[in-house]
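Chemist: Structure for the following, please:
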Amino acid sequence: MKFLKKALKVLVNPVINPVKSPIANLTESFVDNVFRDKVKPVKGSVLYCDLLMGNMEHSGIYVGGGKDCIVELHNDNGTCIIQKVTPQQFMEKGTAVSIYVSCSGHDPVGKKRIAKTALSMVGQNLGRYSLLSNNCHMFTDYCLRCGDKKNQECYEWTDYLKHYANREMTLTYLKESAEEILGADTWRVWDR
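Modeler: As a prediction, the model looks like this:
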């Protein structure tokens, strides 16, 4: 097992290999699905899945409530629409095999206020989609930050866009926000 972890680390190390190879991505997914414990998300958990063999990802918020239990920013022909989707719909845009859940150690983490923030935005049009500055990671980060505060302290979406305008919104940044706000220090496969 130690050899496999070490080999995997070399394969996916961004300094050695800045773009994950399909083999590295499949190996990492295999280890996550077979050897690591899986979890069930809690309301307000941050979720993500692969879009392009681990080189691009999609994120959203788990809100519970049955079949349509994820709120995501959907790129609808260049327009950002917030919608509720099933786990299958969440993954269908890319190469995902699994959905990853924000965890602290072995336990899933989230906050009900984060889910409430995400649900309050369903149906909204958030303007033009941009890969770097108005994307699913930005929406998920907005839900994290807004759900971490009382509603009257929450940014409006347009103010949030201005505040974070010079920051590329990537999964790496989103994971940093999840660690800061939720204490998420690891990501585990959703046991569906």
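
Chemist: can you count the residues close to the nearest residue to Lys84 once chain neighbours are set aside?
Modeler: Of all residues not flanking Lys84 in the chain, Asp68 sits nearest, at 4.1 Å (C-beta to C-beta, 6 or more residues apart in numbering). Backbone N, C-alpha and C define where each C-beta goes, glycine included. The burial count assigned to Asp68 is 15, neighbours taken as other C-beta atoms under 10 Å.

Chemist: now do Leu171
Modeler: Applying other C-beta under 10 Å, I find that Leu171 has 20 neighbouring residues.

Chemist: Would you mind measuring from it to Asn125?
Modeler: Separation of Leu171 from Asn125 (C-beta to C-beta, to the nearest Å): 24 Å.

Chemist: quick one: the strands in this structure?
Modeler: Here the chain has its strands, by DSSP state E, at 46-50, 57-62, 70-76, 79-85, 100-104, 107-108, 125-128, 186-189.

Chemist: Least confident of those, on average?
Modeler: Ranked by mean pLDDT, those bottom out at strand 125-128, with a mean of 91.

Chemist: Tell me which other helices or strands it touches.
Modeler: In terms of contacts (3 or more C-beta pairs under 8 Å, 6 or more residues apart in numbering; DSSP states H and E), strand 125-128 is packed against strand 79-85.

Chemist: what's the angle between the strand it packs on and strand 70-76?
Modeler: With axes from the mean of the first three to the mean of the last three C-alpha atoms, to 10 degrees as the basis, strand 79-85 and strand 70-76 are set at 150 degrees to each other.

Chemist: Give the partner strands of strand 79-85 in its sheet and their orientations.
Modeler: strand 70-76 (antiparallel), strand 125-128 (antiparallel) (DSSP bridges).

Chemist: how about JSON lines for these, with mean neighbour count and distance to Ala184 added?
Modeler: Formatted as JSON lines, the strands paired with strand 79-85 follow (neighbours: other C-beta atoms under 10 Å; distance: least, C-beta to C-beta, whole Å):
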{"stretch": "strand 70-76", "mean neighbour count": "21", "distance to Ala184": "17"}
{"stretch": "strand 125-128", "mean neighbour count": "13", "distance to Ala184": "24"}
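
Chemist: could I get those strands as a markdown table with distance to Asp107?
Modeler: A markdown table is the format used below for the strands paired with strand 79-85 (distance: least, C-beta to C-beta, whole Å):
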| stretch | distance to Asp107 |
| --- | --- |
| strand 70-76 | 20 |
| strand 125-128 | 31 |
